[in-house]
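Participant: Need a 3D model of the sequence below.
(one chain, ligands or ions: 2)
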Amino acid sequence: MGEFITTRPEETLQLGKRVAAKLEAGDVICLSGDLGAGKTLFTQGIAEGLGVSEDVTSPTFTIMQVYEEGRLAIYHFDLYRLDRIDELENIGFDEYIGHAGVAIIEWADKFREYMPQEYLWIEILLGQEPNERIIRVNGVGDRFVMLCEGLK
Ligand SMILES: Nc1ncnc2c1ncn2[C@@H]1O[C@H](COP(=O)(O)OP(=O)(O)OP(=O)(O)O)[C@@H](O)[C@H]1O
Ligand SMILES: [Mg+2]
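Facilitator: Residues are numbered from 1 along each chain as shown. Ligands and ions are numbered 1, 2, ... in the order given. I've put the predicted structure just below:
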């Protein structure tokens, strides 16, 4: 596990870019943590790192947003408003996972048992100071353990 403390939004964005550089098709990134802590900003960093110029916003109402402009397609999920597992099945969640592109899932902890077996789990928590964030990165599965180690 790796822990990072950021004190400005740009630093969180930058960490997202560093993760982006290591991503391959089929990778899964689960995001959890405090409301408004920086999950979407972190996703924006990944998107920028992959070469997406569009703004990334929480797909809270659409649940999923695709960005196809970069080195890898991004399937950006936000499960915040999702109540039931069949809603996730209905939007074809499984078909986006582990194939082409990268899946990034905000509020993945809401449906933890529905996540694939291997992923990079990133928890973003509010720190003591207003702009302080504690970012915990944990790899599950060999590939993601390695990816996590490579970030230190
Ligand atoms: N160190 C920091 N890292 C990340 N964001 C920060 C930091 N300091 C301040 N912020 C601010 O926190 C907010 C994070 O918003 P963001 O939408 O990324 O959070 P979120 O976790 O996706 O929220 P939600 O839970 O609603 O999905 C932004 O307004 C950002 O400017
Ligand atoms: Mg968000």
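
Participant: Within range of ligand 2, give me the residues from this protein.
Facilitator: Where the chain comes near ligand 2, counting by Cβ under 5 Å from the ion, the residues are K39, T40, S58, E106. C-betas here are computed from N, CA, C, even on glycine.

Participant: What about the first one, how many residues nearby?
Facilitator: Residue neighbour count, defined by other Cβ atoms under 10 Å, stands at 25 for K39.

Participant: how near is the residue nearest to Y119 when sequence neighbours are not counted to ligand 2?
Facilitator: Setting aside the residues directly before and after it, Y119 is nearest to V28 in space (Cβ to Cβ, 6 or more residues apart in numbering), at 4.1 Å. Using Cβ to the ion, to the nearest Å, V28 is found at 17 Å from ligand 2.

Participant: Test my guess that V28 contacts E118.
Facilitator: Yes: shown here, V28 and E118 form a contact pair, counting by Cβ atoms under 8 Å, at 7.1 Å.

Participant: more crowded one of those two?
Facilitator: Set V28 next to E118 and count neighbours by other Cβ under 10 Å: V28 wins out with 23 against 16.

Participant: Identify the residues contacting that one.
Facilitator: By Cβ atoms under 8 Å, 6 or more residues apart in numbering, the contact set of V28 is I97, G98, V102, A103, I105, M115, P116, E118, Y119, L120.
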